[in-house]
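1. based on what follows, work out the 3D shape:
(2 chains)
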Amino acid sequence: MRHLVFLLPALLLLLALPDTRGRYNDDFDDGEDIAEFDDNDFAEFEDVSEDPAVDVEKEPPPRAAPSSTPIEDDEDEATVENEDGQDEFEDGDGQEQDMYSKYDNEEFEGYEKTNPSFKDTLIYREVPAHLQNSWESYYMEILMVTGLLAYIMNYIIGKNKNSRLAQAWFNSHRELLESNFALVGDDGTSKEATSTGKLNQENEHIYNLWCSGRVCCEGMLIQLKFLKRQDLLNVLARMMRPACDQVQVKVTLNDEDMDTFVFAVGSRKAMARMQKEMQDLSEFCGDKPKSGAKYGIPESLAILSEMGEVTDGVMDTKIVHYLTTHADKIESIHFSDQFSGPKVMQEEGQPLKLPETKKTLLFTFNVPGMGNTSPKDMDSLLPLMNMVIYSVDKVKKLRLNREGKQKAERNRARVEENFLKQTHAQRQEAAQTRREEKKRAEKERIMNEEDPERQRRLEEAAQRREQKKLEKKQMKMKQIKVKAM
Amino acid sequence: MADPRRPNKIFRYKPPNTETNPTLEDPTPDYMNLLGMIFSMCGLMLKLKWCAWIAVYCSFISFANSRSSEDTKQMMSSFMLSISAVVMSYLQNPQPMSPPW
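-> Got it, this is the predicted structure:
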């Protein structure tokens, strides 16, 4: 490919020789000297007689050939050369006519018709884009690189903003936390339980803080779930669907710190969603989320409760005051002694055990600003943290009366029974397989016994056991029949 | 008000077990990593420039969404693979990419 490109101008240069000679005429004043010099080459062949007819035919091809050279040869000088060429044609015409008149007319018999075809067969090939010395042809690549740079810029800016927000939150809440907890900040890796005094960065948009060492609770995990400001795709998606930063507080309690009840309050949307998603809320709070207008909280909030007594117990004046003043920031508040997280999708064929439960208080707060938060907004979350601390103390003191306790126990027994019924078939299968395995193991043992006597004795023992089992079963069936009658 | 702090009741932080709760994990970085690898292999084998560029983007997105506990070697390897896909496509065919329209 490249060789062709170099050959082409060389070839065209050869054809353009008469043209270049004409150009010299412009540069130098004594054109006559050059003309004489040129004529001297062919002086011996010079023929005085001029034939205009032949010359006319000869002129188009030389004119066509040199005119193409400026175009193909060098794009930058194309226009200049062209003009020069055109000018020189007039000057050089006379000379060329002299040149061609030197040739014998008989030489070109039968040649005239092929000349016009010269122009038609000459195809102008476009220079491949990557050989052109212009960056414009690479505009798609430049676009891509610009996109990447924009992504990197957004990553740096987003990461810094999230980091600043997290630090602002921690600075405003540090005092409250340090006065309430002995351990503030722990990543679980250090040997000794010392406060790290800083947030644990899990992601570019999630920050954790573990606090422990307080009465009434085991520990408190605070998760700052910011928006993914570092991901440009997410930023663009959020332009369509606005979302806000969230602060999630999870307080885990010891067994003695909380009585047995399940309760939740929050925005209507959140309550509807949680009732479907959360294991404990779906089992214990069957009714639809109720309005809390009776207690004085705004209409935007709804309540899910195990029983009315629980709601009465939780909704004291202070909590109501907190809920009313900060209703826009509260996404959900969930108190539960049967907390096991969201419902887990069960796989077929797995013998199911009741999920492990833990006494938990779960708070989810929305940071005001709907995405456009500034570090100053973090101060407005401080009263909510006060509410969290107050709730922890309150739950410790909240005890159901006898009736409430009985109801709660019945509920829990009911849930367990339902669960056992559902998994009954699965458990039976599991028991069956276990029995079969035992039998097989025994048989193998009998077979492996070398001593024939012992073998016989083991076999007899196994037979006797089986007979006893059958008899027992028969007795049971008889008893059931008698009872039925 | 009495001091509520109890240094003797300190519990250490235990990172939540993500095996029991797979729904809590964000799958984006893993998906993007996989997509990036697939696109870069396509770009290398089929000599498609746009595949290679998309692979670069995927590896960037995966990096931005990754957790800090994740291995940086994995990120770097997918990133290097996508860059090599782009470079190889251009070495084999230096022509600029043509838009689909």
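
2. quick check: closest non-adjacent residue to the residue most central in space within chain B.
-> Nearest to the geometric centre of chain B sits B:S62, at 2.5 Å (C-alpha atoms, centre = their mean). Nearest non-adjacent residue to B:S62, counting by C-beta to C-beta, 6 or more residues apart in numbering or on different chains: B:M32, 3.6 Å away. All C-beta spots, glycine's among them, are computed from the backbone N, C-alpha and C.

3. so where's the chain uncertain?
-> Going with chain A. Confidence mapping of chain A against pLDDT under 70 gives the ranges A:1-43, A:45-103, A:105-106, A:108-120, A:129-130, A:133, A:346-352.

4. try again with chain B
-> The model of chain B has pLDDT under 70 over residues B:1, B:18-23.

5. for it, which segments count as helices?
-> Along chain B, counting by DSSP state H, helices occupy B:28-46, B:49-65, B:72-92.

6. the residue nearest to B:S62 against B:Y57, yeah?
-> No. Between B:M32 and B:Y57 there is no contact under C-beta atoms under 8 Å: 9.0 Å.

7. these two: who's more crowded?
-> The residue with more neighbours, out of B:M32 and B:Y57, is B:M32; 23 against 20, by other C-beta atoms under 10 Å in any protein chain shown.

8. what sits against the more buried one?
-> The neighbourhood of B:M32, defined by C-beta atoms under 8 Å, 6 or more residues apart in numbering or on different chains, consists of B:C58, B:S59, B:I61, B:S62, B:N65.

9. quick check, A:V249 in a strand?
-> Yes. Counting by DSSP: H, G, I helix; E, B strand; the rest coil, A:V249 is located in a strand.

10. beta partners of it?
-> A:I222, A:F363 (DSSP bridges).

11. state the distance from it to A:L362.
-> Applying C-beta to C-beta, to the nearest Å, one obtains 7 Å for the distance of A:V249 from A:L362.

12. can you check A:K343 too?
-> Distance, A:K343 to A:L362, by C-beta to C-beta: 15 Å.

13. ditto for A:M144
-> In terms of C-beta to C-beta, A:M144 sits 45 Å off from A:L362.

14. interface residues of chain B facing chain A?
-> Applying C-beta under 8 Å from any C-beta of the partner chain, we find that chain B lies next to chain A at B:4-15, B:20-21, B:23, B:53, B:56-57, B:60-61, B:64-69, B:94-99.

15. now a ChimeraX select for only the buried ones of these.
-> Buried residues among the residues of chain B next to chain A (16 or more other C-beta atoms under 10 Å in any protein chain shown), as a ChimeraX selection:
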select /B:4,5,9,10,11,13,53,56,57,60,61,64,65,66,96,97
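
16. how about the helices of the stretch 151-300 of chain A, start to end?
-> Shown for the stretch 151-300 of chain A, the helices assigned by DSSP state H, counting those that start in this stretch span residues A:232-240, A:268-277, A:279-284.

17. I'd like those as CSV, with distance to chain B and mean neighbour count appended.
-> Output for those, formatted as CSV (distance: least, C-beta to the nearest C-beta, whole Å; neighbours: other C-beta atoms under 10 Å in any protein chain shown):
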stretch, distance to chain B, mean neighbour count
helix A:232-240, 6, 14
helix A:268-277, 9, 16
helix A:279-284, 11, 22
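
18. residue contacts, A:A302?
-> Taking C-beta under 8 Å, 6+ apart, we find A:A302 in contact with A:V265, A:G266, A:S267, A:R268, A:M271, A:A272, A:P289, A:K290, A:S291, A:G292.

19. nearest to chain B among the residues you listed?
-> Of all the contacts of A:A302, chain B sits closest to A:A272, with 18.4 Å by C-beta to the nearest C-beta.

20. so that closest one touches A:P289, yeah?
-> Yes. Between A:A272 and A:P289 there is a contact at 6.4 Å, judged by C-beta under 8 Å.

21. check which residues of stretch A:421-440 are buried.
-> Applying a neighbour-count criterion of 16+ other C-beta under 10 Å, one finds A:T423 buried in stretch A:421-440.

22. hmm, I typed the wrong one, I wanted stretch A:147-159.
-> Quick answer for stretch A:147-159 (16+ other C-beta under 10 Å): A:Y151, A:N154, A:Y155, A:G158.

23. and those, which is closest to A:I446?
-> Nearest to A:I446 among the buried residues of stretch A:147-159 is A:Y155, at 69.9 Å by C-beta to C-beta.

24. how about that closest one: what's its closest non-neighbour residue?
-> With C-beta to C-beta, 6+ apart as the criterion, A:Y155 has its nearest non-adjacent residue at 4.8 Å, and that residue is A:Q230.

25. quick check: the one you found vs A:K159, distance?
-> A:Q230 sits 5 Å away from A:K159, going by C-beta to C-beta.

26. what's the overlap in contacts for the two?
-> Contacts common to A:Q230 and A:K159, judged by C-beta under 8 Å, 6+ apart, are A:E204.

27. count residues in the vicinity of the closest residue in space to B:R67 that isn't next to it in sequence, would you?
-> The shortest distance from B:R67 to any non-neighbouring residue, by C-beta to C-beta, 6+ apart, is to A:N203 (5.4 Å). Residues lying near A:N203 (other C-beta under 10 Å) number 21.

28. repeat that for A:K483.
-> As a burial measure, A:K483 scores 7 neighbours (other C-beta under 10 Å).

29. distance of it from A:H424?
-> From A:K483 to A:H424 the distance is 22 Å (C-beta to C-beta).

30. try A:F170
-> Taken as C-beta to C-beta, the span from A:F170 to A:H424 is 51 Å.

31. deepest-packed of the helices of chain B, please.
-> Stretch with highest mean neighbour count among the helices of chain B: helix B:49-65 (a mean of 23; mean count of other C-beta atoms under 10 Å in any protein chain shown).

32. what's the angle between that one and helix B:72-92?
-> 160 degrees (axes from the mean of the first three to the mean of the last three C-alpha atoms, to 10 degrees).

33. and helix B:49-65, what other elements does it pack with?
-> helix A:139-180, helix B:28-46, helix B:72-92 (3 or more C-beta pairs under 8 Å, 6 or more residues apart in numbering or on different chains; DSSP states H and E).

34. could these go into a markdown table alongside distance to A:R464?
-> Below are the helices and strands packed on helix B:49-65 laid out as a markdown table (distance: least, C-beta to C-beta, whole Å):
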| stretch | distance to A:R464 |
| --- | --- |
| helix A:139-180 | 68 |
| helix B:28-46 | 59 |
| helix B:72-92 | 62 |
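
35. roughly how far apart are the closest residue to A:E416 other than its chain neighbours and A:F335?
-> Excluding its sequence neighbours, the residue lying closest to A:E416 (C-beta to C-beta, 6+ apart) is A:L354, at 6.8 Å. Remark: distance between A:L354 and A:F335 (C-beta to C-beta) = 20 Å.

36. please identify which of those two sits among more neighbours.
-> Neighbours per residue, other C-beta under 10 Å: of A:L354 and A:F335, the larger number sits with A:F335, 26 against 13.

37. quick check: bridge partners of the residue nearest to that one when sequence neighbours are not counted?
-> Sequence neighbours aside, A:F263 is the residue nearest to A:F335 in space, at 4.6 Å (criterion: C-beta to C-beta, 6+ apart). Using DSSP bridges, the bridge partners assigned to A:F263 are A:S305, A:F335.

38. my read is that A:M278 contacts A:Q338, right?
-> No. Applying C-beta under 8 Å, one finds A:M278 not in contact with A:Q338, separated by 10.0 Å.

39. that older thread, what sits against the residue nearest to the centre of chain B?
-> Applying C-beta under 8 Å, 6+ apart, the residues near B:S62 are B:T28, B:P29, B:D30, B:M32, B:N33, B:G36, B:M75, B:S78.

40. and if you look at B:A52?
-> B:F39, B:S40, B:G43, B:L44, B:S82, B:A85, B:V86, B:M88, B:S89.

41. try it again at 10 Å.
-> Counting by C-beta atoms under 10 Å, 6 or more residues apart in numbering or on different chains, B:A52 touches A:144, B:39-44, B:46, B:81-90, B:97.
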